[in-house]
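Colleague: Next comes the sequence, and after it the predicted model I'd like to discuss.
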Amino acid sequence: MADDLQERYDMMWQQAAPALACGDVVCDAQLAAGDDPRRGLTLIARPARALAASFDAMLDTLSAIDPHQYRHPAADMHLTVLSLFTATVDHGPELARADQYRAAVAAAVQGTPPFTIDFTGVSASRGAVVAQGFPRDDTLELLRERLRGELRARGLDGSLDGRYKLVTAHSTLLRFVRPLAEPERFTQALQRLRSEPLGSMHVTALELVRNDWYMSSATLACLERYRLA
């Protein structure tokens, strides 16, 4: 499984690196505009303080080169277990079914043991920089499949995997909001961080949250917290 994930992260990097080195980035217009009106429901895990600090130190390295990109604050850092419905402006009808989503998550999470994800190095797209996560076993994968099954059984899968089918265990840490100031230097820094040990996430609890696209703590509301057995 780790080899498959590394192959996916490597493919991301190989596609993005030449573009980044030329300054060809996709700037996030919504972040640049301010408050995000989109809302969704997501099941997430939070990094412990030590891992968040490690992510933050890595972001310091990148911000020293280009301080004008958007770095996720430590309070916003997370791992997405599954987006139950993709954040959208037209969120009213889905949020009205929050109790049904809660029931689906409770059924899927029941009996799930704690699990660990090791983070090593970074990858990137033309829009963002991510920390590469590698689960030690298949607990996360099985939980995602149980969640998908419970959502389908309740007719709640209308926008499931709407952005993409989530199979990795990455954490998005930086988003581009303006052209890179020093494209080559920034890309070289990312290359040096490709295999940097970042730490581990020991997941003993999950949060069901109402969130904007960026999981901003200013707009986030925790609807339920689940302790893993």
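Modeller: Right, received. Where do you want to start? For clarity, every value in this text was computed on a predicted model and none was experimentally measured. Residues are numbered from 1 along each chain as shown.
Colleague: Which neighbouring elements make contact with the helix or strand hosting Pro18?
Modeller: Assigned by DSSP states H and E, Pro18 belongs to helix 2-21. If you count contacts as 3 or more C-beta pairs under 8 Å, 6 or more residues apart in numbering; DSSP states H and E, helix 2-21 packs onto strand 115-124, strand 128-135, helix 183-192. Glycine gets a C-beta too; all of them are placed from N, C-alpha and C.
Colleague: Output these in TSV; the columns should cover mean pLDDT and mean neighbour count.
Modeller: Below are the helices and strands packed on helix 2-21 laid out as TSV (pLDDT from 0 to 100; neighbours: other C-beta atoms under 10 Å):
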stretch	mean pLDDT	mean neighbour count
strand 115-124	98	22
strand 128-135	98	23
helix 183-192	98	17
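Colleague: for those, which one sits closest to Thr204?
Modeller: Proximity to Thr204 (C-beta to C-beta) singles out strand 115-124 among the helices and strands packed on helix 2-21, at 8.9 Å.
Colleague: Now do the closest one: distance to the chain's middle.
Modeller: Relative to its parent chain, strand 115-124 has a centroid offset of 11 Å by C-alpha atoms, centre = their mean, to the nearest Å.
Colleague: Mind listing residues that contact it?
Modeller: Identification of contacts with strand 115-124 by C-beta atoms under 8 Å, 6 or more residues apart in numbering yields 9-10, 12-13, 16-17, 20, 51, 54-55, 58, 79, 129-137, 139-140, 169-171, 173, 190, 193-203, 228.
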